[in-house]
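S.K.: pasting the sequence and the predicted coordinates here, then a few questions.
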Amino acid sequence: MSPAAAAQLRQEAQSEAYAIPLDKIDVSQERLFQTDTFWPYFERLRREDPVHFCAESDYGPYWSITKYKDIVNVDTNHHVFSSEAHLGGITMRDPREDFRLPMFIAMDPPKHDAQRKVVSPIVAPDNLAKLEGTIRERMAKIFDSLPHGETFDWVDRVSIELTTQMLATLFDFPFEERRKLTRWSDVATTIPGENGLVATEEEREAELWQCADAFMQLWNARVNSEPGNDLISMLAHGESTRNMDRNEFLGNLILLIVGGNDTTRNSISGGVMMLNDNPQEWAKLKANPSLVPNMVSEIIRYQTPLAHMRRTAIDDAEVGGKKIKKGDKVVMWYVSGNRDEEVIPRADEFLIDRERARQHLSFGFGIHRCVGNRLAEMQLRIVWEEILKRGFFPEIVGEPERLYSNFVKGITKLPVRLRAA
């Protein structure tokens, strides 16, 4: 798509977002995310109806929570707004009755707390310190293998490769088979028939059971061994996770794979897009490389790699003056809250020296705040430190392609060419 065509598409979305009757706005439509045209719809909701009820959608009726403070209110009130898988879990799409996958992010206390505690040592400060050297060494090898003067896909060669190597390490998964982890992550979040990954829901579920079978072999090898410092060993020896049934086993695998893969890889790609779109920020970074950690937080805010999280009301409640009834589907749109100018000044601008840059919603709040947030930040920091060290810049030379999803705010293709910085 040419720049002129993209601008025309954005203009049409702006007009449509304000012309449609307010009660007919449905921000769950995946095409809005694939075309990057959802912004004016959320802008209007934040201004006119920040707690918005959509009566008809592909996902049934739902509430949209679009402002920062209301999202924090819902996210931190797990006593009223539940994540439980049997109530619908954390995404808008309700799972089939016989394919519900309990996972600790889709649980309420006390079970949530016990299972989260099992895996949290993997991202403890002392373990992150040990991982930093490994990540930097791998990042250096990836960058040193990139072609100069040729166009290549940044998503495949950099974003996926680094995060998949990291996942293989965290799971102690066979390194030469690491791209299976990427595939399973993509299949777990795909909409059958739309992205070309799988044609039907049955195919999607069958492939995810293959994931479970592969990991069960690793589990069986480790459950009778001394506890190791990898996620499978932790789950196998954890008091609250060692007796999981097959669905719960797969559910927690998918959580850890997607959480360790999609969010970081899309922020790596997103950062390249942001600095291409904002050359003045790249100039700031070159002049002051110490801004890298702050820029990382701004990238994560601006990208918002998971667009939403869903809850189900387990009691009547009031949010933003609206009455939400027990059983209602409630969707926290992190991607909208991260652009709320009542809390984040100049929220639509990408500013690498932004004050309080970590004050964003991308990792969530409350008991479900992303357990791996520090690892994600560390990987992104190393990416940009190593880029600056090498004196190149990944210049976008083709149209980016985005994921057909209202959950993972993903970038599937990013043609770039390296140029001297």
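M.R.: Arrived safely, thanks for sending.

S.K.: buried ones in the helix or strand harbouring residue 252?
M.R.: Secondary structure assigned from DSSP states H and E places residue 252 in helix 246-277. Neighbour counts over helix 246-277 (16 or more other CB atoms under 10 Å) mark 247-276 as buried. From N, CA and C alone the C-beta is placed, and that goes for glycine too.

S.K.: then stretch 83-93?
M.R.: For stretch 83-93, by 16+ other CB under 10 Å, it's 83-85, 87-93.

S.K.: what packs against the helix or strand of the chain with the lowest mean pLDDT?
M.R.: Lowest by mean pLDDT, DSSP states H and E among the helices and strands of the chain is helix 3-19, with a mean of 82. When contacts are defined as 3 or more CB pairs under 8 Å, 6 or more residues apart in numbering; DSSP states H and E, helix 3-19 packs onto helix 39-48.

S.K.: next, the angle from the helix it packs on to helix 3-19.
M.R.: Interaxial angle of helix 39-48 relative to helix 3-19 (axes from the mean of the first three to the mean of the last three CA atoms, to 10 degrees): 30 degrees.

S.K.: for the helix or strand just after helix 39-48, packing partners?
M.R.: Remark: after helix 39-48, the chain's next helix or strand is strand 51-54, criterion DSSP H and E. Using 3+ CB pairs under 8 Å, 6+ apart as the contact test, the elements touching strand 51-54 are strand 62-65, strand 322-324.

S.K.: quick one: distance of strand 51-54 to the chain centre.
M.R.: 23 Å (CA atoms, centre = their mean, to the nearest Å).

S.K.: can you tell me the SS state at residue 182?
M.R.: helix (DSSP: H, G, I helix; E, B strand; the rest coil).

S.K.: can you get me a residue count around it?
M.R.: 19 (other CB atoms under 10 Å).

S.K.: for it, what are its contacts?
M.R.: Counting by CB atoms under 8 Å, 6 or more residues apart in numbering, residue 182 touches 160, 163-164, 261.

S.K.: about what we covered before: elements contacting the next helix or strand after the least confident helix or strand of the chain?
M.R.: Remark: after helix 3-19, the chain's next helix or strand is helix 30-34, criterion DSSP H and E. Applying 3+ CB pairs under 8 Å, 6+ apart, one finds that helix 30-34 makes contact with no other helix or strand.

S.K.: what do you get if the cut-off is 10 Å, keeping everything else the same?
M.R.: When contacts are defined as 3 or more CB pairs under 10 Å, 6 or more residues apart in numbering; DSSP states H and E, helix 30-34 sits against helix 39-48, strand 401-402.

S.K.: and the ones you listed: which comes nearest residue 343?
M.R.: helix 39-48 (10.9 Å; CB to CB).

S.K.: who does that closest one touch, helix- and strand-wise?
M.R.: helix 3-19, helix 30-34, strand 51-54, strand 62-65, strand 329-333, helix 334-337.

S.K.: looking at the ones you listed, which is buried most?
M.R.: helix 334-337 (a mean of 26; mean count of other CB atoms under 10 Å).

S.K.: name the residues that touch it?
M.R.: 27, 33, 38-39, 41-43, 45-46, 50, 64-72, 75, 301, 303-309, 343-344, 347, 360-365, 406, 409 (CB atoms under 10 Å, 6 or more residues apart in numbering).

S.K.: follow-up on the earlier one: tell me how far the least confident helix or strand of the chain lies from the chain's centre.
M.R.: The answer for helix 3-19 is 26 Å, by CA atoms, centre = their mean.

S.K.: ok, now stretch 20-28?
M.R.: 25 Å.

S.K.: for stretch 278-290, same thing?
M.R.: Distance of stretch 278-290 from the chain centroid (CA atoms, centre = their mean) equals 26 Å.

S.K.: what lies in contact with that stretch?
M.R.: 274-276, 291-292, 294-295, 298, 302, 349-353, 384-385, 387-389, 391, 393, 421.

S.K.: touching, residue 396 and residue 416? I think so.
M.R.: Yes. Residue 396 lies in contact with residue 416 (CB atoms under 10 Å); the separation is 5.5 Å.

S.K.: quick one, which of these two is more surrounded?
M.R.: Comparing residue 396 with residue 416 by other CB under 10 Å, the one with more neighbours is residue 416, at 25 against 16.

S.K.: I'd assumed that one was in a helix, is it?
M.R.: No. Looking at residue 416 with three-state DSSP, it is strand, so not inside a helix.
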